[in-house]
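Student: Structure, please.
(3 chains)
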Amino acid sequence: MARELMKGNEAVAEAAVRAGVAAYFGYPITPQTELLEYMSRRMPELGRAFVQAESELAAVNMVYGAACTGQRVMSSSSSPGVSLMMEGVSYIAGTELPMVLVDVMRGGPGLGNIAPAQGDYNQIVHGGGHGDYHSIVLAPANVQEAVDFMALAFDLAEKYRSVTVVLMDGMLGQMMEPCELPAMLPMKTEFPDWAVTGAKGRERRFLTSINLNPTQQEITNLRMLNRWAQVEANEIRYREYFMEDAKYAVVAYGSAGRISLSAVRTARAEGIKVGLLRPITLSPFPREAIYQASRKLDGMLVVEMSSGQMLDDVLAATRFTVPTEFCARIGGVVPYPDEVLDSIRNLVKGPLTTEGHPRDRWLKRMAERN
Amino acid sequence: MDMIDNDTETLVYSRPNSLTDVSTHYCPGCTHGIAHRLIAEVIDEMNIREKMIGVASVGCSVFAYNYFNFDFVQAPHGRAPAMATGVKRVLPEKVVMTYQGDGDMASIGMAEIVHAATRGENITVFFINNTNYGMTGGQMAPTTLPGQKTTSSQNGRDVETQGYPIRAAELLSQLDGSSYVVRRSLNDPKNIRLAKKAIRMAFEVQLRGLGFSMIEFLSICPTNWGMSASASMTWLENNMIPYYPLGDYKVHPAVAEIKI
Amino acid sequence: MQTEVIIAGFGGQGVLFAGQLLAYAAMDEGKQVTWIPSYGPEMRGGTANCTVIISDEEIGSPLVFHPKAVIAMNRPSLDKYEPMIKPGGVLIINSSMVDRKATRTDIKVVEVDANVVAEKLGDKRLSNMVLLGALLHQLGVMPAEAIEKALRSHLPERHHKLLPQNYEALHEGARFQVVEI
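Tutor: Okay, the predicted model is just below:
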């Protein structure tokens, strides 16, 4: 199939269309807006639903309503807008409904800026909305992956009745890369037995997240948790580069992952036996893969565009047994491969230690630098 | 012993098919029951039960889906019009209604209701105005009257610091997107009959694809008002109707042509 | 083999389009490519730049600190990017817009009077094509024909009457030679 040169935001939109999304509800926010704009044109053209909502809050609740009917539905936003959506995300999780959300992260907290960042990791991976639930989180590192993950996101959301987030950042949203788009899937014609579609010739159905009886709520939460155990057993994804003989490894996801790839290649050319482990599912997190890899390593480097939100998960995965350092730029600053390369060189130079916290050492280096 | 002639026995009153056969959790004397019954009767009469999808809100009517015998979803506080929009946009052939109280619709959900109306969203909104937050124990609502005592306006609503009541029907009627916006009262047989007729009209509007319809029902809350049901009805007549006049606030010309 | 190009200038000079064209051509040649703009809140005016990376393998960072080549369409861009170019790299200067000479001696510098050439061709807006022609000639990563093909394939049909002018602009640009610093 012919490759097309597409902006990440638009490629994701078209991929969702081809995955059979029946309704899109959103609100403009940079650096995600092209996705909404693309949908505003494409969805009506195909006779599908598009609403530019009055707020992200309304958008996510439109998604909630449409998801109750068993249709494929989605929204997209960027960090501050995603914060507003978290109410609805929790309700959707509590009602055990599938939904797909694309978060094109930007610098924060607060209004922050519109530059690429990864500061939503904790919000997206470790909850976000209130209550006990898990979301599936996919982190593409290039436009092709972002395209491929859209159909996957809908499939996973439906299979596990789960919120699935495709976590990108402004860099991936704004850049153009060639990609192969999948064929257009037919729209769903069969809907699950929980879908609210009008009680024609059947018992009435209702969907709610309220459960005033704590014992009943506990049963619901345990059911969701058992389903999550299936997700953890079946759906962990990551990609390894140069890991076969690696003595050192960089762990990084999304844009930070691809930036690290450049640094790892240069380091390899310098003779450093370093590899890259790039988590693709941030939730469920590739804990075991990182643990197994870490046992063969002399040292690890975690690279992020946040202040080490994933770092804590990596350290826990290694059971704090492997000397680890941290390299990051935050607030919307994108690290150059050169900075990651320096961190790899410093890691190799040592001293290697499991004492103290890598974030503290990084913070000290940042203070010295400024 | 007189013989009873079964052939002449006439059933004059029964539970509508669109209501489930359960007792409600509403307080004695509460007008939610009247509103539920009227809506269910109209749905039965129009034979649209199997096309109905209701959206419950947060407040006393949070469990409305237990009482209406058709498909239902339950929205976060204030978001019922957004959720209804989502349902209606993917299932345009279904009849979608929200059932919301005054705290839900006129306070936390003001953005959602205004924008659903201004989009001319083809849904029907039933709005219960009982001048207070019933479920949480009678706090001041956006509809609480000036001087009215509630648990969060204990000296009476002071408009200088707590603002004025919101007249939702008047407000929504000003939006070009709304097609049928009326206020009715559930206080006496005549007004109840008028309320039922309005419900019929609202569903007709939706079935004809004429857009957004909203009925505000003036309602009582004997428990939180601390009055008997009959005293509450008198209070509604003496205090609410003067502040919230009954009537048709928006009847789109296409709606005016509907004969029922 | 990876080639990194930064194209920088004022908004409205065709910076982003020139970069996209380069990216289309690379894609059509079967290469891996990334195009990334600097994006800011301003919609018009201001500075604009984009980075294009062309490679034979999966591209890591779409941004580089030390690019192989730079097209500087104005003075601020020259000041910012000249020091960053990799030794042995290429610097194309739009000398119509820049009032100073390059200072680096370890790179290939081409001064292109792009606005004058473009105006001679009948349209000042062709200056970005002239500069692109000069760049491709020095880089050797793709023939100029690749850009011509990309123009044909990706320019909307209604603009196809402009193709000959664009081809000519590319060829004119390729005639400029490296200057001695």
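Student: quick one: which helix or strand includes residue 167?
Tutor: All of this refers to chain A. strand A:163-169 (DSSP states H and E).
Student: ah, I was thinking of chain C
Tutor: With DSSP H and E as the test, residue C:167 turns up in helix C:163-174.
Student: Go through that helix and flag the buried ones.
Tutor: Within helix C:163-174, the residues scored as buried using 16 or more other C-beta atoms under 10 Å in any protein chain shown are C:165, C:166, C:167, C:168, C:169, C:170, C:172, C:173, C:174. The way it works is simple: take the backbone N, C-alpha and C, and place the C-beta from them, glycine included.
Student: Output those residues in CSV, with distance to residue C:2 and pLDDT appended to each entry.
Tutor: Formatted as CSV, these follow (distance: C-beta to C-beta, whole Å; pLDDT from 0 to 100):
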residue, distance to residue C:2, pLDDT
C:165, 32, 95
C:166, 27, 95
C:167, 28, 95
C:168, 31, 96
C:169, 27, 96
C:170, 23, 96
C:172, 29, 96
C:173, 23, 96
C:174, 23, 95
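Student: Run through the residues that contact the residue nearest the centre of chain C.
Tutor: Geometric centre of chain C, nearest residue: residue C:132, 4.3 Å, by C-alpha atoms, centre = their mean. By C-beta atoms under 8 Å, 6 or more residues apart in numbering or on different chains, the residues touching residue C:132 are C:18, C:21, C:22, C:71, C:147, C:170, C:173.
Student: Buried ones among those residues?
Tutor: Buried residues within those, counting neighbours by 16+ other C-beta under 10 Å: C:18, C:21, C:22, C:71, C:147, C:170, C:173.
Student: for these, which one is nearest chain B?
Tutor: residue C:21 (39.6 Å; C-beta to the nearest C-beta).
Student: and the closest one, which of the three is it?
Tutor: Taking DSSP: H, G, I helix; E, B strand; the rest coil as the rule, one finds residue C:21 in the helix state.
Student: surely it meets residue C:151?
Tutor: Yes - applying C-beta atoms under 8 Å, one finds residue C:21 in contact with residue C:151, separated by 6.7 Å.
Student: so what's residue B:21 up against?
Tutor: Contacts of residue B:21 (C-beta under 8 Å, 6+ apart): residue B:15.
Student: still on that earlier bit, per-residue confidence at the residue nearest to the centre of chain C?
Tutor: Confidence at residue C:132, expressed as pLDDT, is 96.
Student: can you map out the helices along chain B?
Tutor: B:32-46, B:64-67, B:80-90, B:102-103, B:110-118, B:159-162, B:168-173, B:189-207, B:222-225, B:229-235, B:241-243, B:253-256 (DSSP state H).
Student: An error on my part: the question was meant for the stretch 251-370 of chain A.
Tutor: Under the criterion DSSP state H, counting those that start in this stretch, helices of the stretch 251-370 of chain A are mapped to A:254-269, A:287-294, A:311-317, A:337-349, A:358-369.
Student: Residue ranges in the chain under the pLDDT threshold?
Tutor: Since no chain was named, I'll use chain A. Within chain A, the segments meeting pLDDT under 70 span A:1.
Student: right idea, wrong chain: chain C
Tutor: Counting by pLDDT under 70, chain C contains low-confidence ranges at C:39-46.
Student: Which parts of it are strands?
Tutor: Using DSSP state E, the strands of chain C run over C:2-10, C:32-37, C:47-55, C:69-72, C:90-94, C:108-112, C:178-179.
Student: which residues sit against the first one?
Tutor: In this case it means strand C:2-10. Contacts of strand C:2-10 (C-beta under 8 Å, 6+ apart): C:15, C:18-19, C:22, C:45-57, C:59, C:64, C:66-74, C:77, C:80-81, C:94, C:97, C:128, C:135, C:139, C:141.
Student: Can you name the residue of chain B nearest chain A?
Tutor: Counting by C-beta to the nearest C-beta, chain B gets nearest chain A through residue B:86, at 2.7 Å.
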